[in-house]
Every structure is written in structure tokens, then in C-alpha cells.
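**Student:** task: produce atomic coordinates for the following.
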Amino acid sequence: MNSLTIKTHAENQREYEFFQAILTLAGSALTHPWRIVESDPADVVLVSFDAAEPASAWQAYAQRYPLERLIAYSGESAAQEAKWHIRRVPGSMPRLSDVVRVLNSAAEYFSDVDTPARAAAAPLPGPSQPTAAPSPVGAADRFQPGRHLAGLIQQSLDDGECRVCQMQGASPVYLLPRENTLYTAAETTTLSGLCRADIDAVEVRILPEDELRAEIAARGIAKRRPLAEFLWFSILTGSNGRLLEGCALDEPIHLVEWPGHVRLAFYALYHDIAAQMADGLSTLAEIAQRSAAPIQNVIDLHNACAWQGLIMRGEEARRLAKRKSEAREQLRAAVKPLCADGGGYAKLVIVGSVGAGKTTALTTLSETPPVLTEASPSDGVASRKPTTTIAMEYGEIRVHGGAKLQIYGTPGQRRFDFMGEILCGGAWGVLILIDNSEPDPLAELRYFLEIYADKLAVPHIAIGVSHYDARQTPSVEAYQRFLRNHGYWFPVGVVDARDIQSLAVLMSVMAESREIALSHAA
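**Tutor:** As a prediction, this is how the structure comes out:
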């Protein structure tokens, strides 16, 4: 049986984010592979509600799915007919062990079943399920984002005006560019029709922000999405197999970095295509052949990534691919002895504050599609970046002889500091990223040295100073003096989280950091 898919219906955004995180963390303890999806069809749906509210959500899913495919997260008396039940205790969240137990039981139950939920639930349109036959790939019919919802989103981001976009009979979409947010009552993936529609078929209203917020509140809409992520999604979906204007099918391209959007992880097809785009230099046709994906889907992903500047082409792409290949070889040579000492594996943990570049660095380094747990921030972080890590991130570098360097990224929000402490266990190295554009970067460094004080016995540690182009003070020398004054001899280097070469140089030095520290101690 292929991996089972699970969708979560939660009563609020915080609970939804928690379940996304806990399902990700449960992965290593599950006896069968599970994949999180955001829209129908799904093999299993986890429905969360409490006894005090009308169980309308439960009833909706009970009518749509066989009961054996529903997991109820509720009080003892609710949803008695559910085959799978996770007990809800008021004021607390479910235990990881309970989630693992139920998912393993469900996987065993379905072990001889070939995902019949796909037949039981009417499929809704998603990026890999076009509602209409894709247009032929030719010069005569190119995708013009300005003629679709993507153009309206980009216009809002450019002029800062709030817009309401709606098609007849569909839920409206509210664009708030100042906070880089989209509000809608609909599931994002059900908006494919709006993304594909010609702009003339979309009703657009421009409203002052206070009026738009009042309308959102009156409709009781709480769900929000990062606007930049939805722009990416609207191009992915709206392209419908048509190549972006100005691009050519036979031109070699290279994916500079993995798209940093949660949604990519829910579509295995796009995951595989992205892996091929990031592996060397290829034309779109060659990528389609190697990934065994329809050329239309390859074009759609290419368009979404190219619009956000993640694609290089031609000679520039050739130089970048060569540079990345050389940097990876440098990394492999540096960590190969460490992997041999660790029985074929070595573990690197990337820590740092919000916005320091942890996710970008991990996606730059990883040779495999990274596992990301990004979500919309629910606190002051929202003003700085559209998404943030809520659990952990994971990537890999393949080392010669089948060994692997396993890369873990930690959340930057301080309420998740416990995750970093857990992940550092058994690590051969820790890379601490500090954002030099912060008001007091050295205070940030002091904070991480203090919270990881008992972890600093890890043999290999380095400090990466990011966003140095935005501000050159404090200098690298100032960081080195600060560390010496606190009794540390960790290497310090300026890094660009998007540039694998700068990361490779620092990590190569990191591999020798234990010897550097010992020589100074002597």
C-alpha cells in the first residue's frame, strides 16, 4: 500500500498549526508512511471539536466519508460512532503517544486496502488535478499572470491597496498587502477556478483597510494565508500548462532554492519535479522525463518558481549549477570522516532567531526535498515574515559510500526553544545563525550561548553572520572578541543563506572547530 494521506480539520488556527507540527513529529514513530494533505480527497480525516460546540464539522465529514476513515479528537461523549478516537482533555493538547497509537492502528487496519477514500470522497480541484484539459504548450498560448488572479495579487503588493476578489457563487478572497495576508472562508486549494479565471470574470473591489477588516469580521472569517505564498499558488494553479511569457521549453534551467512554502510538501508530484529542477542543469522536457511527470505540471511549477526569482536559466544557470556541485563536493569531503565515525550518519542542527535564514540555509544545503513545517505566524513575527517554522525542518546531504549528513532546522520563535534543545542531542555540529541587521546582534548571540550552554560540548560549533550586506556592524572581529571574552573559540563567518558556497566554507571550518578550540584551551 502507498503512503496514507491525512487531513486535519481544527476549530482554530492555533490548534491546526499544532496538529501539523505533532503529525510531523510523529513521523519517526509510525509503522507506515503518512502524508499530510490540506484538501480532499484524504484517506483519513482528523476532526477536532469539543462537546460545547455543535458538531457540524463532524457531521459534514461523517456524511462525506465512511466512519472508519474519521478520527475524532473530542471529549468522551462526542462522536461515539467514530472508529478512531483521541481523547480531548479541556485546556490541554493531545499527547504525541496517543496520536502515534491511533495512526498506527489505522494503518494496520488499512494495510490491505488500496485507499478507497479516494472513491468515497468527491475530488476537489487541486494543482495536480486540472479542472479542464491543459492548453497546448506552444508560443501562441503563453501564461500571462497579469490576466489572472496572480496579477491582482501582485498589483496589491505593489500599490498597497486592499482588494476583495470574487467569482459568482464563490467565497470572496480578501487581500491585505500591508500585513502580507489573505483571508478567505474557503480552503485554499478549492480556489483553483478563481486562480485560472480570466481577470474579466473576477469581481474586484478596492476598499480602505478598515472597511475590509470590518467586512472580514462581519463574515466571521478567521483563516488567513501568507499573501506571498498564495501568489505562488495562484501562478502554479493558474498556469494550467501554459509556459510563462519570455521562457522557452528547450532552455536549460536550474532551481536556485527550494520553494519555501508549506503547500509544496502536500503534493508529492511537485516535490519530485522540484528535486529534478534543483539537480544540475536541465530543460523542462528533460525534467518531465526524469520525474515521470506530465509536462504541464512541470511547466506550472516552473512558472511559480520563476515568478518568485527561484529559477536561473542559460549560462547563468550553468555557472550556478557548477558552483553548487563544487561546494557540495567540498562539504562531502569535510563531513565524510564524521559520518564514518557515526556509523554512516552525522547530524547537523541549525539554530538562530526568527529571520536569520535557518530555513533558507537548510533548503540551500539539502540535496533531497526538505521537510518543512512552516505556518502563518500568530504573533509579532507576522510583521517580519509571512511564514515561520513551528516544529522542525529536515534535509540531507549524501556523502560518498551511502553515508548521510542529516540537517535539522529549529524554530526561531523563543516559545519553541525546547525543540532546539531536543534536536541538539547527538549532534556532531551546531550552526548558530545570527541576523546582523537585528538591533543588538551580540545580545542575540549571548541568548543562544546561554540557552544552549549545556549543549556547547558538541564537538563542532560555528557562528554564521547573516544579512551582513544590510549592516556591517558589529564586524566579524567584534563577534570573535565577544566569543573570546566568554571563553569560546568558535569559528565565525559571514554567510548568505542562499549561497551554498559560503555555507560550505563555514561548515568545512566547523569540521575542524573542535581541534581549534582544544588548541586554544591548551
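**Student:** just for the stretch 401-522 of the chain, where's the confidence low?
**Tutor:** Within the stretch 401-522 of the chain, the stretches with pLDDT under 70 are 412-422, 454-459, 513-522.
**Student:** strands of that one, start to end?
**Tutor:** Ranges of strands in the stretch 401-522 of the chain, per DSSP state E, counting those that start in this stretch, are 404-409, 429-435, 460-466, 492-494.
**Student:** quick one, the first one and strand 429-435 angle?
**Tutor:** In terms of direction (axes from the mean of the first three to the mean of the last three C-alpha atoms, to 10 degrees), strand 404-409 departs from strand 429-435 by 40 degrees.
**Student:** could you list the paired strands of strand 404-409 along with their orientation?
**Tutor:** strand 345-352 (parallel), strand 393-398 (antiparallel) (DSSP bridges).
**Student:** can you list contacts of the last one?
**Tutor:** Think strand 393-398. The contact list for strand 393-398 (C-beta atoms under 8 Å, 6 or more residues apart in numbering) reads 328, 331-332, 335, 358-359, 362-363, 365-368, 370-373, 404-409. The way it works is simple: take the backbone N, C-alpha and C, and place the C-beta from them, glycine included.
**Student:** out of these, which sit inside strands?
**Tutor:** The strands, defined by DSSP state E, take in 404, 405, 406, 407, 408, 409 from the contacts of strand 393-398.
**Student:** what pairs with the fifth one across the strands?
**Tutor:** With DSSP bridges applied, residue 408 shows beta-bridge pairing to residue 349, residue 394.
**Student:** for it, give me its contacts.
**Tutor:** 347, 348, 349, 350, 392, 393, 394, 423, 427 are the contacts of residue 408 under C-beta under 8 Å, 6+ apart.
**Student:** wait, what's in contact with the third one?
**Tutor:** In this case it means residue 349. With contact taken as C-beta under 8 Å, 6+ apart, residue 349 is in contact with 407, 408, 409, 410, 420, 423, 424, 427, 429, 430, 431.
**Student:** please report the distance of it from residue 49.
**Tutor:** Residue 349 is 37 Å from residue 49, where distance means C-beta to C-beta, to the nearest Å.
**Student:** let me have the strands of the stretch 401-522 of the chain in TSV, extended by distance to residue 216.
**Tutor:** Supplementary listing: the strands of the stretch 401-522 of the chain in TSV, determined by distance: least, C-beta to C-beta, whole Å:
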stretch	distance to residue 216
strand 404-409	33
strand 429-435	32
strand 460-466	35
strand 492-494	43
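**Student:** minimum distance to residue 205: which of those has it?
**Tutor:** Of all the strands of the stretch 401-522 of the chain, it is strand 429-435 that lies closest to residue 205, at 38.3 Å by C-beta to C-beta.
**Student:** the helices in the stretch 201-350 of the chain, which residues?
**Tutor:** 209-219, 227-238, 268-278, 284-291, 295-307, 314-341 (DSSP state H, counting those that start in this stretch).
**Student:** include mean pLDDT and distance to residue 177 when you put those into TSV, please.
**Tutor:** Converted to TSV, the helices of the stretch 201-350 of the chain look like this (pLDDT from 0 to 100; distance: least, C-beta to C-beta, whole Å):
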stretch	mean pLDDT	distance to residue 177
helix 209-219	94	9
helix 227-238	87	6
helix 268-278	78	26
helix 284-291	88	32
helix 295-307	91	17
helix 314-341	79	30
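**Student:** which among these is found nearest to residue 82?
**Tutor:** helix 268-278 (27.8 Å).
**Student:** need the strands paired with strand 404-409 in TSV (columns: mean pLDDT and distance to residue 300).
**Tutor:** As requested, the strands paired with strand 404-409 are exported to TSV (pLDDT from 0 to 100; distance: least, C-beta to C-beta, whole Å):
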stretch	mean pLDDT	distance to residue 300
strand 345-352	84	31
strand 393-398	82	24
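**Student:** deepest of those strands, which one?
**Tutor:** Of all these, strand 345-352 has the most neighbours on average by mean count of other C-beta atoms under 10 Å, namely a mean of 24.
**Student:** so that one versus strand 460-466, what angle?
**Tutor:** Per the same axes, to 10 degrees, the angle that strand 345-352 makes with strand 460-466 is 40 degrees.
**Student:** strand 345-352 to helix 314-341, inter-axis angle?
**Tutor:** 120 degrees.
**Student:** what about strand 345-352, distance to the chain center?
**Tutor:** 18 Å (C-alpha atoms, centre = their mean, to the nearest Å).
**Student:** next: stretch 402-415.
**Tutor:** Going by C-alpha atoms, centre = their mean, the spacing between the C-alpha centre of stretch 402-415 and its chain's C-alpha centre is 13 Å.
**Student:** so residue 71: helix, strand or coil?
**Tutor:** strand (DSSP: H, G, I helix; E, B strand; the rest coil).
**Student:** contacts only, for it.
**Tutor:** By C-beta under 8 Å, 6+ apart, the contact list for residue 71 reads 44, 45, 46, 47, 82, 84, 85, 86, 102, 106.
**Student:** what residues are bridge-paired with the fourth one?
**Tutor:** Beta bridges link residue 47 to residue 9, residue 72, judged by DSSP bridges.
**Student:** that one against residue 58, yeah?
**Tutor:** Yes. Contact criterion C-beta atoms under 8 Å: residue 47 and residue 58 qualify, at 5.2 Å.
**Student:** who has more neighbours, those two?
**Tutor:** residue 47 (25 against 22; other C-beta atoms under 10 Å).
**Student:** please report how far the more buried one lies from residue 237.
**Tutor:** 26 Å.
**Student:** likewise residue 161?
**Tutor:** From residue 161 to residue 237 the distance is 23 Å (C-beta to C-beta).
**Student:** so the two - more neighbours on which side?
**Tutor:** Neighbour comparison, residue 161 and residue 237: the larger count goes to residue 237, with 27 against 16 (by other C-beta under 10 Å).
**Student:** quick check: that one touching residue 190?
**Tutor:** No. Taking C-beta under 8 Å as the definition, residue 237 is not a contact partner of residue 190, at 10.7 Å.
**Student:** lovely, talk soon.
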